[in-house]
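K.L.:
Everything below, folded, please.
(one chain, ligands or ions: 2)
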Amino acid sequence: MSGWLIGVVGPSGVGKDSLIAALAEARPRWQVVRRAVTREADETEPFEPMSRATFDRRAAAGNFALQWEAHGLCYGIPSDVPARVRAGDVVIANLSRGILEDALATVPSLIVLSVTAPADVLAKRLGARGRETAEDIAARLSRPAPPLPEGLRLVEVDNGGPLERSLAAALDGLERAMTEGHVQ
Ligand SMILES: Nc1ncnc2c1ncn2[C@@H]1O[C@H](COP(=O)(O)OP(=O)(O)O)[C@@H](O)[C@H]1O
Ligand SMILES: O=P(O)(O)OC[C@H]1O[C@H](OP(=O)(O)OP(=O)(O)O)[C@H](O)[C@@H]1O
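P.N.:
Numbers count the residues shown, from 1 in each chain. Ligands and ions are numbered 1, 2, ... in the order given. Next comes the predicted model:
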């Protein structure tokens, strides 16, 4: 039986990486994708940091199943992800809303976990996270939200409240979507 790709999307600061870490702790068999990102390593997310030149070389060599640019950075999802999902693994990745059509074409057993929170909460969280400058935070907050494509298996979670509540809602929605997906 095929596994699943859980694509976690939502605006900067909404809590995608926090929710991904909580999901992985709650479901130890679910595997978190280590993205390639053209940014210095930091504590917010376990990604593979690399230069733009290395990223471009890896992309040309076919090392990414999905790739995109946002916030002046390049992001890549390793090329083994589709095979891992076909082999039955449940794999979680922090994705851009702009590449979901590509993601669905690449991994048909995709479930999108869309995370939301009010704008004032996002601003406060990005400030507290302290990864970006004030200027970068303003740019992230003013970036228009790419629309979600039609026809996705979609689970929506409001992370405006405590993370534990969002985790419970996400687990419930994701496990329902997995059960429904497999009986179709
Ligand atoms: N439910 C929550 N309540 C309070 N703070 C949160 C919650 N979810 C995330 N945070 C905090 O908000 C900041 C941004 O979260 P993060 O997971 O990095 O978001 P994203 O990956 O979507 O940019 C972090 O400092 C994180 O600890
Ligand atoms: O097209 P969008 O849906 O707006 O998403 C664009 C990018 O923003 C997030 O990046 P990143 O992980 O660098 O930032 P974040 O942790 O602050 O969300 C997300 O993971 C995407 O890579």
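K.L.:
and the helix of greatest length in the chain, what's its mean pLDDT?
P.N.:
Longest helix in the chain by number of residues, with DSSP state H as the criterion: helix 163-183. Looking at helix 163-183 alone, the average pLDDT works out to 92.
K.L.:
So which residues of this protein form helices?
P.N.:
Using DSSP H, helices in the chain cover 16-26, 52-60, 81-86, 100-106, 119-129, 134-142, 163-183.
K.L.:
could you redo those as a markdown table and give each row distance to Gly7?
P.N.:
C-beta here means a position set from N, CA and C on the backbone, and glycine is covered the same way. Compiled in a markdown table, those are given as follows (distance: least, C-beta to C-beta, whole Å):
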| stretch | distance to Gly7 |
| --- | --- |
| helix 16-26 | 10 |
| helix 52-60 | 19 |
| helix 81-86 | 10 |
| helix 100-106 | 6 |
| helix 119-129 | 20 |
| helix 134-142 | 19 |
| helix 163-183 | 11 |
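K.L.:
want to try TSV for these, with distance to Glu43 and mean neighbour count as columns?
P.N.:
Converted to TSV, the helices of the chain look like this (distance: least, C-beta to C-beta, whole Å; neighbours: other C-beta atoms under 10 Å):
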stretch	distance to Glu43	mean neighbour count
helix 16-26	10	18
helix 52-60	21	14
helix 81-86	24	18
helix 100-106	27	17
helix 119-129	10	14
helix 134-142	17	13
helix 163-183	17	15
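K.L.:
Of all these, which one is nearest Thr38?
P.N.:
Among the helices of the chain, the nearest to Thr38 by C-beta to C-beta is helix 52-60 (5.1 Å).
K.L.:
returning to what we had before: just put the helices of the chain in a markdown table and tack on distance to ligand 2.
P.N.:
Output for the helices of the chain, formatted as a markdown table (distance: least, C-beta to the nearest ligand atom, whole Å):
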| stretch | distance to ligand 2 |
| --- | --- |
| helix 16-26 | 5 |
| helix 52-60 | 13 |
| helix 81-86 | 15 |
| helix 100-106 | 9 |
| helix 119-129 | 7 |
| helix 134-142 | 6 |
| helix 163-183 | 15 |
